[in-house]
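[1] any chance you could fold what I've pasted below:
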Amino acid sequence: MRKGRVLRQALTSDIQDIQCVRHSVHENRLVSTVITDDQVQEAIEKTGRGWVIETEGEVVAFAIGNAANGNIWALFVHPDHERRGHGRLLHDTMIDWLWSTGLHRLWLTTQPGTRAQGFYEAAGWRLVSITESAEVHFERYRAGMPTHE
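    You can find the predicted model right below:
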């Protein structure tokens, strides 16, 4: 891991910082949807797990995966800390953990034409559909498992 970069499991005490990172991004802003602190707490404590990356004691990126349904619930990097490998480190850590829970299929949605779409395509995710809300729906299967056609 890079000097000064700390990857660790997210805690309830990180929720304010997670929300700050979430609201700092330029794409996938979810302006019509409010994610409450209670929803974040449930996501990191009950339905899944979250991770944060700190640099110099500041949370600059986070990811949350849902172990109940295999959803990549969130993965965001503060714009001032992009292109440093934080997103990929969070992605790989979250995917490894989700596979370890016994899941065979993971999925996510994101806005089309965004850097997030390119990120997931480069990471090996397969575009399977466009949702009713016009988002792109990606899936990923554990190696050796049958895929959705």
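[2] who is the residue positioned nearest the centre of the chain paired with across the strands?
    Closest to where the C-alpha atoms of the chain average out (C-alpha atoms, centre = their mean) is Leu75, at 2.6 Å. As for beta bridges, Leu75 partners with Ala63 under DSSP bridges.
[3] contact partners for it?
    In this structure, Leu75 makes contact with Phe62, Ala63, Ile64, Gly87, Leu90, His91, Met94, Ala116, judged by C-beta atoms under 8 Å, 6 or more residues apart in numbering. For glycine as for every other residue, the C-beta is placed from the backbone atoms N, C-alpha and C.
[4] so which of the residues you listed is the closest to Lys46?
    Looking at the contacts of Leu75 and their distance to Lys46, the nearest is Ile64, at 11.6 Å (C-beta to C-beta).
[5] quick one: the helices in this structure?
    When assigned using DSSP state H, the helices of the chain occupy the ranges 15-24, 37-45, 86-100, 115-122.
[6] and the contacts of the third one?
    Same thing as helix 86-100. Counting contacts by C-beta under 8 Å, 6+ apart, the residues outside helix 86-100 that touch it are 1, 5, 7, 49, 51, 53, 60-65, 67, 70, 72, 75, 77, 106, 119, 123, 140, 142.
[7] one more time with 6 Å, if that's ok
    Applying C-beta atoms under 6 Å, 6 or more residues apart in numbering, the external contacts of helix 86-100 come out as Trp51, Ile53, Ala61, Ala63, Gly65, Leu75, Val77, Leu106, Arg142.
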